[in-house]
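Engineer: generate a structure from the sequence data that follows.
(4 chains)
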There are 2 protein chains.
Amino acid sequence: MGFDDRRAEVIQAAWRVIAREGLDRTSMRAIAQELGSSTGVVTHYFRNKEELTLFALEQVFEFVVVEMRASAEKWQGMERLEQMLFLALPLAVSDRDDWKVWVAFLGYSIGRDRLIQEHCKRYGILRDLIVETLAELQAEGLIRAGLDLAFEANALIALVDGISMSVVINPEQFSASQQQALVVRAVDPLRVG
Amino acid sequence: MGFDDRRAEVIQAAWRVIAREGLDRTSMRAIAQELGSSTGVVTHYFRNKEELTLFALEQVFEFVVVEMRASAEKWQGMERLEQMLFLALPLAVSDRDDWKVWVAFLGYSIGRDRLIQEHCKRYGILRDLIVETLAELQAEGLIRAGLDLAFEANALIALVDGISMSVVINPEQFSASQQQALVVRAVDPLRVG
DNA sequence: AGCTTATTACAACAGTTGTTATGTTCAAAG
DNA sequence: CTTTGAACATAACAACTGTTGTAATAAGCT
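Structural biologist: Model prediction:
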């Protein structure tokens, strides 16, 4: 087991604590305890807490993007866009923890310009991915011409964000099929005809 | 100046600190300093920090609801629904601070069942308000029959949430008119015909 | 084997936190 | 004038925080 693998273990322990206890109660000692080790391990793999925090944020985001890229190759046409958006939704119970961590980070970022900037960057990557997909659909004549693709991409992301946040707060708010129905309803108006 | 007035001043000082520094860096001492007093004032008007926190959460929410109720009486027909939703959006720069506080609270609530429960309750009140409005529109024959009003209300709230969160993170994401356009686009499909 | 480096443990640090107790001020009520 | 209690200040409390340094252990390599 190499350096990066152990590093990932530390981060995963951190995730578990964040989802369970919240980000502000996720201390170095709490992470170490969750990992079943001393704080020495945590400090050995991360210079300070900010580095750990940013790395955790990057990982939880990168995972979604990788999944989305894989899904983009698997599907064709309008379904490609839908399936990519479905991936970001907390359809399964296990997905909710990811969103818990994400929401915790968002709240934690208020008043911390450094973290807000990071979020902007990551949302930008996500938007570019959606814009790219929309452009392809447009080239195939599946969605209307003359659309502001960046705006439409932001709108879809905002919708997914809103749905997911609702589910994090109240899991019974939307069933899996209801979540998907809302996304489909938002995608449909883009279609031609 | 009575007890409740002074109490409100403490809360407003807390809001300012939260929007500027973040919720986890909003200590009793920071609130007192923002208020220009000692911590004695803060502890005098709030038994402990949790009481202060919950009260602040209630205030920031109650304000929106009051505004919404006022708007409900001012407008008629389909515009009533739209204007109520517009009120919740961070259309002006000054509205963003409210949403900053709200997002900070949401993130802070992860891992704190007590706070999550509070959020559920408040979202429930908001939903009832929208459902009520939708029912009126339905009775007037302005929106389609056979709709799951609770579901539609949740969907609209989720959309407003998503848009607002995007703006909090990246203010240039959506202009005021774009935000309104997205809400109108979500309301339109409910219309008859 | 011995040497080197990575990994982990542990203790101590200075600072911050919420909370509590005590002291002070001061205006209104008796 | 005396007394009462609210409003505020101040200081101290124990608990917890991130960080750092040092020592012990394990693993790999020659």
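
Engineer: how close does A:Ala145 sit to A:Glu136?
Structural biologist: A:Ala145 sits 13 Å away from A:Glu136, taking Cβ to Cβ, to the nearest Å as the criterion. From N, CA and C alone the C-beta is placed, and that goes for glycine too.

Engineer: looking at those two, which one has more neighbours?
Structural biologist: Neighbour comparison, A:Ala145 and A:Glu136: the larger count goes to A:Glu136, with 16 against 7 (by other Cβ atoms under 10 Å in any protein chain shown).

Engineer: in chain A, what residue comes closest to chain B?
Structural biologist: Of all residues in chain A, the one sitting closest to chain B is A:Gly107 (1.4 Å; Cβ to the nearest Cβ).

Engineer: residues near A:Trp75, how many?
Structural biologist: By the criterion of other Cβ under 10 Å, A:Trp75 has 14 neighbours.

Engineer: point to the residue nearest the middle of chain A.
Structural biologist: A:Phe61 (4.8 Å; Cα atoms, centre = their mean).

Engineer: need the contact list for the residue nearest to A:Lys74 when sequence neighbours are not counted.
Structural biologist: Among residues not flanking A:Lys74 along the chain, A:Gln83 sits closest, at 7.4 Å (Cβ to Cβ, 6 or more residues apart in numbering or on different chains). When contacts are counted by Cβ atoms under 8 Å, 6 or more residues apart in numbering or on different chains, A:Gln83 touches A:Ser71, A:Lys74, A:Trp75.

Engineer: what's the helix or strand for A:Gln83?
Structural biologist: Using DSSP states H and E, A:Gln83 sits within helix A:77-88.

Engineer: and the contacts of stretch A:160-168?
Structural biologist: With contact meaning Cβ under 8 Å, 6+ apart, stretch A:160-168 is reached by A:85, A:88-90, A:96, A:99-100, A:102-103, A:173-174, A:179, A:182-183, B:106, B:110, B:123, B:154, B:157-163, B:165-166.

Engineer: same thing but 7 Å
Structural biologist: Stretch A:160-168 is touched from outside by A:85, A:88-90, A:96, A:99-100, A:103, A:173-174, A:179, A:182-183, B:154, B:158-159, B:161-162, B:165-166, with contacts defined as Cβ atoms under 7 Å, 6 or more residues apart in numbering or on different chains.

Engineer: near chain B, which residues of chain A?
Structural biologist: Neighbours of chain B within chain A, by Cβ under 7 Å from any Cβ of the partner chain: A:20-25, A:100, A:103-104, A:106-108, A:110-112, A:116, A:119-120, A:123, A:151, A:154-155, A:158-159, A:161-163, A:165-166, A:169-170, A:173-174, A:178, A:182, A:185, A:189.

Engineer: let's see which of those end up in helices.
Structural biologist: Among the residues of chain A next to chain B, the ones falling in helices (DSSP state H) are A:20-21, A:100, A:103-104, A:106-108, A:116, A:119-120, A:123, A:151, A:154-155, A:158-159, A:161-163, A:165-166, A:169, A:178, A:182, A:185.

Engineer: separate out the buried members of the residues you listed.
Structural biologist: Listed as buried from those are A:21, A:100, A:103-104, A:106-108, A:116, A:119, A:123, A:151, A:154-155, A:158-159, A:161-163, A:165-166, A:169, A:178, A:182; burial here means 16 or more other Cβ atoms under 10 Å in any protein chain shown.

Engineer: okay, domains of chain A per the record?
Structural biologist: Partitioning chain A according to automatic domain parsing yields domains covering residues A:1-46, A:50-190.

Engineer: and of those domains, who's closest to DNA strand C?
Structural biologist: For the domains of chain A, proximity to DNA strand C was assessed by Cβ to the nearest atom of the strand; domain A:1-46 is nearest, at 2.1 Å.

Engineer: and that closest one, how far apart are its ends?
Structural biologist: Domain A:1-46 has an end-to-end distance of 17 Å (Cα to Cα, to the nearest Å).

Engineer: return the distance of that domain from the chain's centre.
Structural biologist: Centroid separation for domain A:1-46 versus its chain: 20 Å, with Cα atoms, centre = their mean, to the nearest Å.

Engineer: repeat that for stretch A:103-121.
Structural biologist: 13 Å.

Engineer: wait, the residue nearest to the centre of chain A sits on A:Lys121?
Structural biologist: No - assessed by Cβ atoms under 7 Å, A:Phe61 is found out of contact with A:Lys121, at 9.5 Å.

Engineer: how about A:Ile130, what does it touch?
Structural biologist: A:Ile130 is in contact with A:Ala153, A:Leu156, A:Ile157, counting by Cβ under 7 Å, 6+ apart.

Engineer: most surrounded residue in those?
Structural biologist: Neighbour counts for these (other Cβ under 10 Å) peak at A:Leu156, which has 24 neighbours.

Engineer: now do that one against A:Arg47, distance only.
Structural biologist: 37 Å.

Engineer: repeat for A:Gly162
Structural biologist: Taken as Cβ to Cβ, the span from A:Gly162 to A:Arg47 is 36 Å.

Engineer: since that was my last question, I'll sign off now.
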